[in-house]
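# Model the structure of this input:
(2 chains)
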Amino acid sequence: MSAPQVVTRIAPSPTGDPHVGTAYQALFNSVFARQHDGKFVVRLEDTDRSRYNAASEGRILDMLDWLGTVWDGLKPDASPRREDEFGPYTQSERAGLHRQYAEQLLESGAAYRAFDTPEELGERRKAAEDRKDSYLGYDRRDRTLSREESDGRAAAGEAFVIRLAAPLEGQTTVRDRLRGDVVFSNAELDDKVLLKRDGFPTYHLAAMVDDHLMGVTHVIRAEEWLTSTPIHQLILQGLGWAEPEWIHTPWLLSKGGKKYSKRRGDPSVEDFRKMGILPEALLNYLGMMGWSMPSGDDGAAQEVFSPAEMVEHFTWERVSLGGSTFDVEKLRWLNGKYIREVLSLDDVVNRVHAFGAEQGYAEGIGKNEYFRAVVAMMLPRFETLAEFWEKTTYFFSEDYSINDKAAKLIEGGRELLPKLHTTLAALPDFAHDTTEAALRQLAEAEGVKPGKVMQPLRAAIAGTSESPGMFEMLEAMGQGRVLERVARVLNAEMPLGGQDSPVY
RNA sequence: GGCCCCAUCGUCUAACGGUUAGGACACUACCCUUUCAAGGUAGCGAUACGGGUUCGAAUCCCGUUGGGGUCACCA
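Predicted coordinates for the structure are as follows:
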């Protein structure tokens, strides 16, 4: 088995909710890998034991599984759930490895022990801030410790961290695929901690060691890492390893231009799922954040596309570098587009029902012909799966409420209702054309516009003035149910009204 | 504050030195219509600013401004 030419990875940290940014990185990393018949892996970065959250780990992997249901390319070739010979893919299980390389760096002089306590560091840092120093990194106090003293204190059991000995002069150039050469002055670099007091590595060391050992060829990650890339290059050099290609993707922002984050109240992937956003819509939407499908001959960009189509056309040249503000409104529009134009009716029926069962909306509601008819007539009327259920309670229960507007319509058509009932009761069937002919005839006989008879009827059988078309709705509900509903409203003595007033 | 990145309609974006600066979401109007949607048509709306380079600049260069990131024993 020859090594793949391209190996990409995402390295989520299990500290909280499944982040949209992780899904975004997963998309770009997997699309690029698939385009080159490469390998895409997921490595859990759980070396911060204080922020570790066991549940989060499973939720992140579940999120990837969920997105993977719409595109196989997104399914990782290796992950904590699918180990291979380059694993384990859970970073904490590799801590021994990281320590070993930290020691190698120590041996070669590329790194050194620092015995400062966190308190000391905090004080000195604060002092530097008070002095308004421009350099706020580690003051390198222990960098000049002799080898003997360092070894002696360590042997005596004094706690220490291992820090990178960054060069004090010269420059380090990062060749970023999207930005070209970015030059950093080494004097600005910090002697970053590589191995923490608790024996676990920091991201800097762990990611470089693991990326190298796992054969990662292209590090595709968020722009926030750009400024620490010189550190990463130094680590790689110290270990004598080749650099991967660096690709720092643009920001995902929330309204207001700040970094998109759950902490600021931005929805997580799970939130979108609960909202009834389809995985294909989310992926499609993320695909147009920072990247665009080449436009056709008419100059209009293709807005609806799958990850597979993205693979066909993807190039880094089409990535725009300005951050993109996440617009939930547009996501919803796209989701609606998938519902009404991309997915088949059967598919939508299945998803709406499965979603309803999962979220507790569909209790006692079968996935039968009636249900299918309701979905069909609602198709252009809901953008998210949750919205379907919110707008269709009256289809599935006799316990629907009548809102103010509907109550007024009913009162306005009070004298027509008995005739309406009689007319509908006399019909041989409730086929679309039958009820349409009958209702239009009734309106004509009464000398009123069709709306005059249909609005009160709609209000009575739906409890709202907003519904699918009258005749398809009548046909689906059926004569018996419709007549009962009309009769109930007819017999209600008191005027109806109020958001929650019952039908009786 | 030092350093780094970025900059086209409100938002997502197209343009790869020559276009009336195009499309999409949102918004407005109209059409369709039994309501609400969907759909269709039209409209509103941008090259942050200032200098260069060039016959010609959204596009290349410099500066200014603005926004973001980073400077953790977090990732």
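# And stretch A:80-90, what's buried?
A:80, A:86-90 (16 or more other C-beta atoms under 10 Å). The way it works is simple: take the backbone N, C-alpha and C, and place the C-beta from them, glycine included.
# The residues you listed also near RNA strand B: which ones?
Among the buried residues of stretch A:80-90, no residue is within reach of RNA strand B (C-beta under 7 Å from any atom of the strand).
# Just the closest of these to RNA strand B, please.
Ranked by distance to RNA strand B (C-beta to the nearest atom of the strand), these are led by A:Thr90 at 11.8 Å.
# Give the full set of residues in contact with that closest one.
A:43-44, A:46, A:80 (C-beta atoms under 8 Å, 6 or more residues apart in numbering).
# Just put these in TSV and tack on distance to A:Glu312, pLDDT and secondary structure.
Formatted as TSV, the contacts of A:Thr90 follow (distance: C-beta to C-beta, whole Å; pLDDT from 0 to 100; DSSP: H, G, I helix; E, B strand; the rest coil):
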residue	distance to A:Glu312	pLDDT	secondary structure
A:Arg43	27	98	coil
A:Leu44	31	97	strand
A:Asp46	35	96	coil
A:Pro80	30	97	coil
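# Show me which of those residues is closest to A:Thr69.
Checking these against A:Thr69 by C-beta to C-beta gives A:Pro80 as the nearest, at 18.8 Å.
# Contacts only, for the closest one.
So A:Pro80 contacts A:42, A:44, A:57, A:61, A:88-90 (C-beta under 8 Å, 6+ apart).
# just A:Asp130 next, same as before
Taking C-beta under 8 Å, 6+ apart as the definition, A:Asp130 has no contacts.
# got the buried residues for stretch A:31-39?
A:31-35, A:38-39.
# cool, stretch A:176-190 as well?
So stretch A:176-190, judged by 16+ other C-beta under 10 Å, has buried residues A:176-178, A:182, A:184, A:189-190.
# go on, stretch A:44-55?
Buried-residue list, stretch A:44-55, by 16+ other C-beta under 10 Å: A:44-48.
# who's in contact with that stretch?
In contact with stretch A:44-55 (C-beta under 8 Å, 6+ apart) are residues A:11-16, A:57, A:60, A:80, A:89-92, A:95, A:98, A:198, A:200-203, A:206-207.
# which among those end up buried?
A:11-16, A:57, A:60, A:80, A:89-92, A:95, A:98, A:200-203, A:206-207.
# is RNA strand B contacted by stretch A:201-215?
Yes. Stretch A:201-215 reaches RNA strand B (C-beta under 7 Å from any atom of the strand) through A:201-203, A:206-207.
# If we look just around RNA strand B, which residues of the stretch 251-400 of chain A are in range?
Near RNA strand B, when you scan the stretch 251-400 of chain A using C-beta under 7 Å from any atom of the strand, you find A:251, A:253, A:257-259, A:288-290, A:292, A:295, A:299-301, A:303, A:317-318, A:320-325, A:327, A:329-330, A:333, A:336-337, A:340, A:380-381.
# For ChimeraX, what selects the buried ones among those?
Selection of the buried residues among these in ChimeraX, burial being defined by 16+ other C-beta under 10 Å:
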select /A:251,253,259,288,289,290,292,323,324,336,337,340,381
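# near RNA strand B, which of the buried residues of stretch A:44-55 show up?
A:45, A:47-48.
# Tell me the one of those nearest A:Gly157?
Nearest member of these to A:Gly157, counting by C-beta to C-beta, is A:Thr47, at 23.1 Å.
# From A:Arg177, how far off is that closest one?
Using C-beta to C-beta, to the nearest Å, A:Thr47 is found at 27 Å from A:Arg177.
# One more: A:Lys75?
Applying C-beta to C-beta to A:Lys75 and A:Arg177 gives a distance of 25 Å.
# and if you look at A:Lys449?
64 Å.
# Residue in the stretch 151-300 of chain A with the shortest distance to RNA strand B?
For the stretch 151-300 of chain A, C-beta to the nearest atom of the strand, closest residue to RNA strand B: A:Arg197, 3.1 Å.
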